[in-house]
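Asker: sequence plus the predicted model coming up.
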Amino acid sequence: MNIFSEIEVNAFGLKEWQFSNQTILKTFKFKNFSETFAFMTQVAFLAEKLDHHPNWNNVYNELNITLFTHTHHGVTIKDIELAKAIDKL
């Protein structure tokens, strides 16, 4: 499985995802905790379907998602696919 560089990640056109330390990450802000949790639930179902799971943390209306492939110690196509699917939610 190919590990992508920052330039390659940017070529995929992910909206507002940042490349940092061999990961891609994005912060989502919502109106309240209920909206945040509902979004997290949608992402959880997506992650199960794609068999690729995010690292994330949540404080009230803010959700930080970090993606990388643990077994490859970097960003792979699985991370790109999950990021794109999350952006479609």
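Answerer: Nice, I can see it. Just so it is clear, the model here is predicted, and its values are computed rather than measured.
Asker: rest of the way, CA atoms for contacts and neighbours
Answerer: OK.
Asker: in contact with D87, which residues?
Answerer: K15 (CA atoms under 8 Å, 6 or more residues apart in numbering).
Asker: give me phi/psi at the closest residue to E35 other than its chain neighbours?
Answerer: Nearest residue to E35, sequence neighbours excluded (CA to CA, 6 or more residues apart in numbering): N61, at 7.5 Å. For N61, the backbone dihedrals (degrees, to the nearest 10) come out as phi -110, psi 10.
Asker: surely N61 touches M40?
Answerer: No - using CA atoms under 8 Å, N61 is not in contact with M40, being 11.1 Å away.
Asker: still on that earlier bit, show me what contacts the residue nearest to E35?
Answerer: N61 neighbours (CA under 8 Å, 6+ apart): 29-33, 35-36.
Asker: need the buried ones from those selected in PyMOL.
Answerer: Buried residues among those (16 or more other CA atoms under 10 Å), as a PyMOL selection:
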select buried, resi 33+36
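Asker: pretty sure N57 sits against M40.
Answerer: No - the pair N57 and M40 fails to qualify as a contact (CA under 8 Å) at a distance of 10.0 Å.
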